[in-house]
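Colleague: Make a model of this:
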Amino acid sequence: MDNNLSLIEERLDYSFTDRELLVEALTHSSYSNENGQDIKNNERLEFLGDAVLEIMVSNYLFSKYKSMPEGKLTRLRSKVVCEEILYDIAIDIEIGKFLLLGKGEEITGGRERKSILADSIEAIIAAIFLDSNMDTVVGLFLPRFKKYINLAVTGKLNMDYKTRLQEIIQKDDSSKRIKYVVYKEEGPDHDKIFYVKVHLDKQTIGRGCGKSKKNAEQEAAKAALTSRGCIDEKED
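Modeller: Here you go, the predicted structure:
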């Protein structure tokens, strides 16, 4: 385990004073569930890391874009502080190979699961914050986020609207469920248009159309996000 910790520290470019924090950040709840509840998992660190990450990005955006209104700052932050970006960073650092997972999670592909990898980055951010300070976190992670911020500002950040909608809904109320329904199809088989509506529980919150069900679902999710004020109506 010590060798693995040294490798992940090398990948992070940071050496922990308290390595127990790093172990906790790498421990998924499935591992602690299978090996004893006295083993700490990374859920509490994930909670703290989410807040630390939001402060880091918020402070950077506030300082960098001095004339940008609050609503646009909020939308810009939500584009960057999201599962997709955290997952990309986790893949770059190769976090998956260092995670402590339960046997069931391991068998079902937990090391590659987007949500687990994204959550682990938030946990590591919190662990570094507790082991050192905010300045260290900013020095290590802000450069990783800047490229995504720049892409988001210029409108070149490819956005998975379905994932983004899911994240926002679950943050508001994790018990609510999203469902995509094809309610109409038009045109011949070789040039069909699909019409999709997205339901939150039983309420329709967005509609979209496209040349595939996947594209139509993305457009429906985008419409739902627009109606909630999470993105600009003209956003690409």
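Colleague: so what secondary structure elements neighbour the lowest-mean-pLDDT helix or strand in the chain?
Modeller: Least confident element among the helices and strands of the chain, by mean pLDDT, DSSP states H and E: helix 161-172 (a mean of 82). Under the contact criterion of 3 or more CB pairs under 8 Å, 6 or more residues apart in numbering; DSSP states H and E, helix 161-172 touches helix 70-80, helix 83-93, strand 178-186, helix 213-227. The way it works is simple: take the backbone N, C-alpha and C, and place the C-beta from them, glycine included.
Colleague: will you turn the ones you listed into TSV that also has distance to Glu10?
Modeller: Formatted as TSV, the helices and strands packed on helix 161-172 follow (distance: least, CB to CB, whole Å):
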stretch	distance to Glu10
helix 70-80	26
helix 83-93	10
strand 178-186	40
helix 213-227	38
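Colleague: now those in TSV, with mean neighbour count?
Modeller: TSV is the format used below for the helices and strands packed on helix 161-172 (neighbours: other CB atoms under 10 Å):
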stretch	mean neighbour count
helix 70-80	16
helix 83-93	19
strand 178-186	13
helix 213-227	20
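Colleague: all helices of the chain, in order?
Modeller: 2-12, 19-26, 29-35, 43-64, 70-80, 83-93, 103-107, 114-131, 134-153, 161-172, 213-227 (DSSP state H).
Colleague: right, so of those helices, which gets closest to Val182?
Modeller: helix 213-227 (6.2 Å; CB to CB).
Colleague: From Thr108, how far out is Lys214?
Modeller: When CB to CB, to the nearest Å is the yardstick, Lys214 and Thr108 sit 24 Å from each other.
Colleague: Also Glu46?
Modeller: When Glu46 is compared with Thr108 (using CB to CB), they lie 20 Å apart.
Colleague: follow-up on the earlier one: outside of the least confident helix or strand of the chain, which residues touch it?
Modeller: 78-79, 82-84, 176, 178, 180, 198, 200, 217-219, 221-222, 224-225, 228, 230 (CB atoms under 8 Å, 6 or more residues apart in numbering).
Colleague: Perfect, that will be all.
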